[in-house]
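quick one, what's the 3D model for this:
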Amino acid sequence: ILCLAIAALFLSCTKKNQLAEYESIKLLGIQGNRLHQVVYDYDIENPDFFESKVDLISLYVLSNDFEKAWEYLKRAEFLEKKSISKEYLCNYYGIKASILLKQKKFDESLSCCRKAMSIKKIGAKYGFLEGQILFAMGDKEMAFYSLDKVFKNNRDNASLEDKKLYSILLAEKQKYEESISLLNHL
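Numbers count the residues shown, from 1 in each chain. Prediction:
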């Protein structure tokens, strides 16, 4: 039993070291304006590393290459259990939810969004996405409830689209002053 405990501790330290090494390499890539290439090269050298795949998904989404993003999303799916960082796991679910929303796969999108939200402390920011998904599904009442809750605790992280949708839903609830106030701060 002692040998197993020592082995588990060693593996845990090794994984944390790998994540720290990866983050350092990413920082160098950012400073040299070569982030995509640095992450891509790291991923090629470390094909079982979940976190680099999540970053590649994000980079491809940012460049509007959803086909490549989906390809890396599928690769990451097989490695999900090897995730080292809760933050990367949370972002994986959130990005997956966003892509599925874009594909109009609302139930799957909502499920992924709620997985992201279930990750304590860092998942709350996906409450905005939950509101967007619920609205896209036609459930204005739950969309309002979701956005109302997240706006009370996390207003500064709302996107322009989140604010617009919330102001519309506020107006539909006849909360005109709040709606106008929010629109005035866009």
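
tell me the contacts of the closest residue to residue 89 other than its chain neighbours?
Nearest residue to residue 89, sequence neighbours excluded (C-beta to C-beta, 6 or more residues apart in numbering): residue 83, at 4.4 Å. C-beta: built from backbone N, CA, C; applies to glycine. By C-beta atoms under 8 Å, 6 or more residues apart in numbering, the residues touching residue 83 are 50-51, 89, 92.

now do residue 134
Counting by C-beta under 8 Å, 6+ apart, residue 134 has contacts 110, 140, 142-143, 146.

any of those residues buried? List them.
Among those, those buried by neighbour count (16 or more other C-beta atoms under 10 Å) are 110, 142-143, 146.

residue 116: which of the residues you listed is nearest?
residue 110 (10.8 Å; C-beta to C-beta).

quick check: the nearest residue to residue 172 once chain neighbours are set aside vs residue 147, distance?
Nearest non-adjacent residue to residue 172, counting by C-beta to C-beta, 6+ apart: residue 140, 6.9 Å away. For residue 140, the distance to residue 147 equals 10 Å [C-beta to C-beta, to the nearest Å].

quick one: common contacting residues for these two?
Joint contacts of residue 140 and residue 147 (C-beta under 8 Å, 6+ apart) are residue 169.

hang on, the earlier thing: would you list the contacts of residue 134 in CSV and tack on pLDDT?
Listed next are the contacts of residue 134 as CSV, based on pLDDT from 0 to 100:
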residue, pLDDT
110, 98
140, 96
142, 97
143, 97
146, 95
